[in-house]
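Enquirer: okay, here's the prediction I keep looking at, along with the sequence it came from:
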Amino acid sequence: MVLLAASVCTRKGNVLLSRQFVEMTKSRIEGLLSAFPKLIVTDKQHTFIETESVRYVYQPLDKLYIVLITTKSSNILEDLETLRLFARVIPEYCRNIDEKEVSENVFQLIFAFDEIVALGYRESVNLAQIKTFTEMDSHDEKVYQAVRQTQEREAKEEMKKKAKELQRQRMEAQRAGKAPYSTGIGNSISGPITPSQPTEMPLPAPTPVHQPFKT
(Lines give C-alpha, C1' and ligand atoms only; values in the text may rest on other atoms or scores of the structure.)
Protein backbone atom coordinates (compact mmCIF):
# COMPACT_ATOMS: atom_id res chain seq x y z
CA MET A 1 0.00 0.00 0.00
CA VAL A 2 1.00 3.63 -0.46
CA LEU A 3 -0.44 5.76 2.30
CA LEU A 4 -0.42 9.42 1.45
CA ALA A 5 -1.72 10.91 4.69
CA ALA A 6 -3.51 10.16 7.95
CA SER A 7 -5.86 12.70 9.46
CA VAL A 8 -8.27 13.22 12.32
CA CYS A 9 -11.19 15.50 11.57
CA THR A 10 -14.61 16.37 12.90
CA ARG A 11 -17.87 15.24 11.33
CA LYS A 12 -18.11 18.69 9.74
CA GLY A 13 -14.70 18.30 8.14
CA ASN A 14 -12.61 20.47 10.47
CA VAL A 15 -9.10 19.00 10.45
CA LEU A 16 -7.60 18.54 13.92
CA LEU A 17 -4.36 16.96 12.75
CA SER A 18 -2.92 15.64 9.54
CA ARG A 19 0.31 13.77 8.89
CA GLN A 20 1.63 13.45 5.34
CA PHE A 21 3.88 10.45 4.65
CA VAL A 22 4.90 11.45 1.12
CA GLU A 23 5.72 14.79 -0.40
CA MET A 24 2.53 16.73 -0.99
CA THR A 25 1.75 20.39 -1.32
CA LYS A 26 -0.26 22.05 1.41
CA SER A 27 -2.96 23.08 -1.05
CA ARG A 28 -3.43 19.51 -2.28
CA ILE A 29 -3.83 17.92 1.14
CA GLU A 30 -6.19 20.70 2.20
CA GLY A 31 -8.23 20.16 -0.95
CA LEU A 32 -8.45 16.40 -0.39
CA LEU A 33 -9.50 16.77 3.24
CA SER A 34 -12.06 19.48 2.51
CA ALA A 35 -13.67 17.24 -0.11
CA PHE A 36 -13.91 14.22 2.21
CA PRO A 37 -17.04 15.16 4.25
CA LYS A 38 -18.99 15.87 1.07
CA LEU A 39 -18.34 12.35 -0.22
CA ILE A 40 -19.65 10.47 2.83
CA VAL A 41 -23.00 8.72 2.43
CA THR A 42 -24.43 8.20 5.90
CA ASP A 43 -26.90 5.41 5.03
CA LYS A 44 -24.17 3.07 3.76
CA GLN A 45 -21.85 0.84 5.76
CA HIS A 46 -18.84 1.26 3.50
CA THR A 47 -15.72 2.63 5.21
CA PHE A 48 -13.92 3.68 2.06
CA ILE A 49 -14.58 6.07 -0.81
CA GLU A 50 -12.81 6.19 -4.13
CA THR A 51 -12.38 9.22 -6.33
CA GLU A 52 -10.56 9.62 -9.64
CA SER A 53 -7.20 10.07 -7.93
CA VAL A 54 -7.27 8.71 -4.35
CA ARG A 55 -9.05 6.42 -1.93
CA TYR A 56 -10.38 7.52 1.45
CA VAL A 57 -10.43 4.83 4.12
CA TYR A 58 -12.13 6.06 7.27
CA GLN A 59 -13.66 5.03 10.58
CA PRO A 60 -15.94 7.01 12.89
CA LEU A 61 -14.58 7.68 16.39
CA ASP A 62 -17.40 9.16 18.45
CA LYS A 63 -17.79 12.65 16.98
CA LEU A 64 -14.60 12.40 14.92
CA TYR A 65 -13.24 10.54 11.91
CA ILE A 66 -9.88 8.89 11.46
CA VAL A 67 -9.16 9.14 7.73
CA LEU A 68 -6.43 7.52 5.66
CA ILE A 69 -5.80 8.80 2.16
CA THR A 70 -4.18 6.19 -0.08
CA THR A 71 -3.53 5.61 -3.74
CA LYS A 72 -6.18 3.69 -5.65
CA SER A 73 -3.69 0.92 -6.39
CA SER A 74 -3.15 0.09 -2.73
CA ASN A 75 -4.53 -3.14 -1.25
CA ILE A 76 -7.88 -2.37 0.37
CA LEU A 77 -7.51 -5.20 2.90
CA GLU A 78 -4.17 -3.82 4.06
CA ASP A 79 -5.70 -0.35 4.13
CA LEU A 80 -8.47 -1.51 6.46
CA GLU A 81 -6.01 -3.31 8.73
CA THR A 82 -3.85 -0.21 8.97
CA LEU A 83 -6.92 1.88 9.66
CA ARG A 84 -7.83 -0.33 12.63
CA LEU A 85 -4.34 0.17 14.10
CA PHE A 86 -4.65 3.93 13.74
CA ALA A 87 -8.04 3.79 15.43
CA ARG A 88 -6.55 1.83 18.36
CA VAL A 89 -3.68 4.26 18.79
CA ILE A 90 -5.79 7.36 19.38
CA PRO A 91 -7.48 6.18 22.63
CA GLU A 92 -4.02 5.35 24.02
CA TYR A 93 -3.15 9.05 24.06
CA CYS A 94 -6.58 10.65 24.45
CA ARG A 95 -8.78 9.93 27.46
CA ASN A 96 -11.80 11.20 25.56
CA ILE A 97 -12.15 11.08 21.80
CA ASP A 98 -13.01 14.73 21.25
CA GLU A 99 -11.54 17.87 19.74
CA LYS A 100 -10.00 19.11 22.99
CA GLU A 101 -8.13 15.90 23.77
CA VAL A 102 -6.84 15.46 20.24
CA SER A 103 -5.62 19.05 20.08
CA GLU A 104 -3.83 18.75 23.44
CA ASN A 105 -2.09 15.51 22.42
CA VAL A 106 -1.44 16.27 18.77
CA PHE A 107 2.34 15.82 18.97
CA GLN A 108 2.11 12.45 20.73
CA LEU A 109 -0.35 11.28 18.09
CA ILE A 110 1.91 12.42 15.26
CA PHE A 111 4.86 10.57 16.82
CA ALA A 112 2.70 7.45 17.04
CA PHE A 113 1.53 7.84 13.42
CA ASP A 114 5.17 8.02 12.33
CA GLU A 115 5.81 4.65 13.95
CA ILE A 116 3.01 3.07 11.92
CA VAL A 117 3.93 4.40 8.48
CA ALA A 118 7.26 5.42 6.98
CA LEU A 119 7.58 6.95 3.51
CA GLY A 120 4.07 5.81 2.67
CA TYR A 121 4.49 2.16 3.65
CA ARG A 122 3.16 0.32 6.68
CA GLU A 123 5.73 -0.65 9.29
CA SER A 124 5.61 -4.08 10.93
CA VAL A 125 4.67 -2.86 14.41
CA ASN A 126 1.92 -3.51 16.91
CA LEU A 127 0.29 -1.27 19.49
CA ALA A 128 2.67 -2.27 22.32
CA GLN A 129 5.73 -1.51 20.19
CA ILE A 130 4.32 1.85 19.16
CA LYS A 131 3.86 2.85 22.80
CA THR A 132 7.37 1.70 23.66
CA PHE A 133 8.94 3.66 20.81
CA THR A 134 7.03 6.85 21.55
CA GLU A 135 7.89 6.61 25.26
CA MET A 136 11.56 6.29 24.32
CA ASP A 137 11.29 9.37 22.13
CA SER A 138 9.54 11.22 24.94
CA HIS A 139 12.27 10.19 27.41
CA ASP A 140 15.01 11.42 25.06
CA GLU A 141 13.19 14.72 24.67
CA LYS A 142 12.93 15.11 28.46
CA VAL A 143 16.66 14.40 28.87
CA TYR A 144 17.48 17.00 26.22
CA GLN A 145 15.27 19.61 27.88
CA ALA A 146 16.82 18.85 31.30
CA VAL A 147 20.35 19.28 29.94
CA ARG A 148 19.40 22.51 28.21
CA GLN A 149 17.81 23.94 31.35
CA THR A 150 20.92 23.02 33.37
CA GLN A 151 23.17 24.79 30.87
CA GLU A 152 21.00 27.90 30.92
CA ARG A 153 20.97 27.92 34.73
CA GLU A 154 24.77 27.58 34.89
CA ALA A 155 25.20 30.42 32.39
CA LYS A 156 22.98 32.69 34.50
CA GLU A 157 24.94 31.84 37.66
CA GLU A 158 28.21 32.63 35.88
CA MET A 159 26.86 36.01 34.79
CA LYS A 160 25.83 36.79 38.37
CA LYS A 161 29.32 35.92 39.64
CA LYS A 162 30.95 38.21 37.07
CA ALA A 163 28.58 41.05 37.98
CA LYS A 164 29.39 40.66 41.70
CA GLU A 165 33.14 40.61 40.98
CA LEU A 166 32.89 43.79 38.92
CA GLN A 167 30.90 45.48 41.69
CA ARG A 168 33.51 44.43 44.25
CA GLN A 169 36.32 45.90 42.14
CA ARG A 170 34.46 49.19 41.81
CA MET A 171 33.90 49.44 45.55
CA GLU A 172 37.58 48.72 46.27
CA ALA A 173 38.63 51.35 43.74
CA GLN A 174 36.36 53.93 45.36
CA ARG A 175 37.72 53.16 48.84
CA ALA A 176 41.27 53.58 47.51
CA GLY A 177 40.35 56.99 46.08
CA LYS A 178 40.64 55.89 42.52
CA ALA A 179 38.12 56.03 39.76
CA PRO A 180 36.71 52.62 38.87
CA TYR A 181 38.28 50.95 35.91
CA SER A 182 36.59 51.86 32.69
CA THR A 183 37.38 51.98 29.04
CA GLY A 184 36.97 54.70 26.45
CA ILE A 185 38.81 57.74 25.19
CA GLY A 186 36.94 60.15 27.43
CA ASN A 187 38.11 58.35 30.60
CA SER A 188 41.78 58.03 29.63
CA ILE A 189 42.72 61.27 31.56
CA SER A 190 42.17 61.41 35.32
CA GLY A 191 42.33 64.36 37.72
CA PRO A 192 41.03 67.91 37.43
CA ILE A 193 41.80 69.89 34.35
CA THR A 194 43.13 73.44 35.05
CA PRO A 195 42.39 76.01 32.38
CA SER A 196 45.57 77.37 30.82
CA GLN A 197 46.58 81.07 31.18
CA PRO A 198 46.36 83.21 28.03
CA THR A 199 49.74 83.78 26.38
CA GLU A 200 50.71 87.42 25.59
CA MET A 201 52.00 87.91 22.09
CA PRO A 202 54.95 90.40 21.68
CA LEU A 203 54.12 93.67 19.91
CA PRO A 204 55.94 94.32 16.61
CA ALA A 205 58.87 96.82 16.77
CA PRO A 206 58.09 100.33 15.42
CA THR A 207 59.28 101.07 11.93
CA PRO A 208 61.73 104.04 11.81
CA VAL A 209 60.63 107.07 9.86
CA HIS A 210 63.30 108.69 7.68
CA GLN A 211 63.29 112.51 7.41
CA PRO A 212 63.85 113.99 3.93
CA PHE A 213 67.42 115.34 3.31
CA LYS A 214 67.70 119.15 3.19
CA THR A 215 70.36 121.07 1.17
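Expert: Structure received.

Enquirer: residue 3 contacts residue 119, correct?
Expert: No. In this structure, residue 3 is not within contact of residue 119 by Cβ atoms under 8 Å, at 9.4 Å. Quick note: C-beta positions are derived from backbone N, CA and C, even for glycine.

Enquirer: so how far is the helix or strand of the chain with the lowest mean pLDDT off the chain centroid?
Expert: When the helices and strands of the chain are scored by mean pLDDT, DSSP states H and E, helix 127-175 comes last with a mean of 76. On the basis of Cα atoms, centre = their mean, to the nearest Å, helix 127-175 sits 19 Å off its chain's mean C-alpha point.

Enquirer: now do stretch 6-21
Expert: 22 Å.

Enquirer: buried sites along that stretch?
Expert: Residues 6, 7, 8, 9, 16, 17, 18, 19, 20, 21 are the ones in stretch 6-21 that count as buried (16 or more other Cβ atoms under 10 Å).

Enquirer: also stretch 32-48?
Expert: Buried, per 16+ other Cβ under 10 Å, within stretch 32-48: 32, 33, 36.

Enquirer: okay if I get those residues as TSV plus secondary structure?
Expert: Formatted as TSV, the buried residues of stretch 32-48 follow (DSSP: H, G, I helix; E, B strand; the rest coil):
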residue	secondary structure
32	helix
33	helix
36	helix
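
Enquirer: with pLDDT as new columns, can the residues you listed be given to me in TSV?
Expert: Formatted as TSV, those follow (pLDDT from 0 to 100):
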residue	pLDDT
32	92
33	90
36	90
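
Enquirer: tell me who's in contact with the residue minimising distance to the centre of the chain.
Expert: Centroid-nearest residue in the chain, with Cα atoms, centre = their mean: residue 107, separated by 12.8 Å. Neighbour list for residue 107: empty [criterion: Cβ atoms under 8 Å, 6 or more residues apart in numbering].

Enquirer: and the gap between it and residue 55?
Expert: 28 Å (Cβ to Cβ, to the nearest Å).

Enquirer: about what we covered before: mind listing the shared neighbours of residue 3 and residue 119?
Expert: With Cβ under 8 Å, 6+ apart as the test, residue 3 and residue 119 both reach residue 21.

Enquirer: out of those two, which sits in the busier spot?
Expert: Taking neighbours as other Cβ atoms under 10 Å, residue 3 and residue 119 compare with residue 3 leading, 28 against 10.

Enquirer: which stretches in the protein count as helices?
Expert: Counting by DSSP state H, residue ranges of the helices within the chain are 26-39, 76-93, 99-104, 106-116, 127-175.
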